[in-house]
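In: no sequence on this one, just coordinates:
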């Protein structure tokens, strides 16, 4: 007889009528129920084999975070990672206090480790504002660790939601995923900003290698204010374009590039022009063969198009545009 049948027969026999009082009968039944369950549980554990841990070939960079995320991540490791995986985790503490202690060098080191090992898992971190600087007694208002890591790695960050039919969406028409590609270099995340203390002229100067300085007048201040400069490079934009076109081809989905080139005619216009040049010279025939397309759209128009569409396309966006668009998109998906 199998162990399970043995346990079952013993359990049933324990409920047989006995010549005892009603109170004693209840006590015996309760004891036997508990005893049978204990015997069954013991049998189950005695026949279980401890699974061999899965060997992970390459190291993974572990980037710890702030506040509750540290507790949750530790719980995940204890319950789901360490018991089942033989893995070499390269640990970096990106908690705000340790970033301050190392003058943010730990963030740079973590980015270099990701470059070396190719895979990193990052927890949520605090980007300090004035209140956090005071709360944690920080040396300075450190930059976003996400921005620092993205700038170190370069490339493009793609986010694709998992659409589950039984989970309703705020936009019911979204039947297929909308994949958002975020340019991971420059723009506001590498900008230099300053507070203008009084009246004066703000200029921007570029000095070509071996050439004369070129000065662009920005604004004549009649009083205090603020100013910011930002930049990007053709090389980075070209990499962004190639990554976006290749992903669209691999998914057999159309690609939309969105900018605000009506306002930033030269800055955003450069993104638009580079994407168009690369599409026509490298990817147009492959797109046509798959019956998909590439199109540039003004960001305002693209938002309206998102709301009307059923999904099923890739969107390539500049870094800050993506930050806002992605949050709105994920909110509607959820």
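Out: Received the coordinates, thanks. Keep in mind that what you see is a predicted model, and the values were worked out from it rather than measured.
In: CA atoms for contacts and neighbours, from now on please.
Out: Noted.
In: Just the residues contacting stretch 179-192, thanks.
Out: Applying CA atoms under 8 Å, 6 or more residues apart in numbering, the external contacts of stretch 179-192 come out as 147, 150-151, 153-161, 228-232, 236-237, 240, 244, 312-320, 322-323, 326.
In: Now find how far off-centre that stretch is within its chain.
Out: 14 Å (CA atoms, centre = their mean, to the nearest Å).
In: got the end-to-end distance for that stretch?
Out: Distance between the boundary residues of stretch 179-192 (CA to CA, to the nearest Å) amounts to 30 Å.
In: taking the mean pLDDT, what do you get for it?
Out: Averaged across stretch 179-192, pLDDT comes to 84.
In: do stretch 225-232 as well
Out: 93.
In: Report the buried residues of that stretch.
Out: residue 232 (16 or more other CA atoms under 10 Å).
In: Spell out for me which residue occupies the centre of the chain.
Out: residue 159 (7.1 Å; CA atoms, centre = their mean).
In: okay, it: pLDDT?
Out: For residue 159, pLDDT reads 84.
In: Report the beta-bridge partners for it.
Out: residue 180 (DSSP bridges).
In: how about it, what does it touch?
Out: 179, 180, 181.
In: Most neighbours out of those, which is it?
Out: With neighbours taken as other CA atoms under 10 Å, the top of these is residue 181, carrying 27 neighbours.
In: okay, now residue 294: neighbour count?
Out: What residue 294 shows, counting by other CA under 10 Å, is a neighbour count of 21.
In: Not counting residues beside it along the chain, what's closest to it?
Out: residue 255 (4.8 Å; CA to CA, 6 or more residues apart in numbering).
In: burial count for the one you found?
Out: Neighbours of residue 255 using other CA under 10 Å come to 26.
In: And what about residue 194, helix, strand or coil?
Out: strand (DSSP: H, G, I helix; E, B strand; the rest coil).
In: and it, how many neighbours?
Out: 10.
In: Could you pull up the contacting residues of it?
Out: 226, 227, 228 are the contacts of residue 194 under CA under 8 Å, 6+ apart.
In: Could you give the bridge partners of it?
Out: Here residue 194, judged by DSSP bridges, has bridge partners residue 227.
In: start at 45 instead
Out: Sounds good: first residue 45 from here, last item residue 238.
In: Distance check, it against residue 250.
Out: Residue 238 is 18 Å from residue 250, by CA to CA.
In: And residue 172, by the same measure?
Out: Distance from residue 172 to residue 250, by CA to CA: 32 Å.
In: okay, these two: which has more neighbours?
Out: Neighbours per residue (other CA under 10 Å) separate residue 172 from residue 250, with residue 172 holding more: 18 against 11.
In: And the strands in the stretch 95-244 of the chain?
Out: 98-99, 104-108, 129-130, 133-137, 164-166, 200-203, 222-227, 236-240, 244-250 (DSSP state E, counting those that start in this stretch).
In: Could you look up the SS state of residue 253?
Out: Strictly by three-state DSSP, residue 253 counts as coil.
In: What about it, how many residues nearby?
Out: Count around residue 253 with other CA under 10 Å applied: 7.
In: Residue 290 is in contact with the residue nearest to residue 338, correct?
Out: No: counting by CA atoms under 8 Å, residue 299 sits too far from residue 290 to count as a contact (10.0 Å).
In: these two touch, right, residue 172 and residue 183?
Out: No: taking contacts as CA under 8 Å, residue 172 lies outside contact range of residue 183: 11.1 Å.
In: tally of neighbours for residue 236?
Out: 12.
In: now swap in residue 147 and tell me
Out: 14.
In: could you measure residue 233 against residue 195, distance?
Out: Distance check for residue 233 against residue 195: by CA to CA, it reads 8 Å.
In: for residue 239, same thing?
Out: On the measure of CA to CA, residue 239 and residue 195 end up 24 Å apart.
In: okay, the two: which has more neighbours?
Out: Between residue 239 and residue 195, residue 195 has the larger neighbour count (other CA under 10 Å), namely 17 against 10.
In: In space, what's closest to that one - neighbours in sequence excluded?
Out: Nearest to residue 195 is residue 229, by CA to CA, 6+ apart, at 4.9 Å.
In: Compute the number of surrounding residues for the one you found.
Out: Residue 229 has 26 nearby residues by other CA under 10 Å.
In: Angles on the backbone of it, please.
Out: Here is the backbone geometry of residue 229 (degrees, to the nearest 10): phi -150, psi 140.
In: all helices for this structure, in order.
Out: 47-57, 66-91, 112-120, 140-145, 149-161, 174-180, 189-197, 278-295, 311-322, 328-333, 343-352, 363-377 (DSSP state H).
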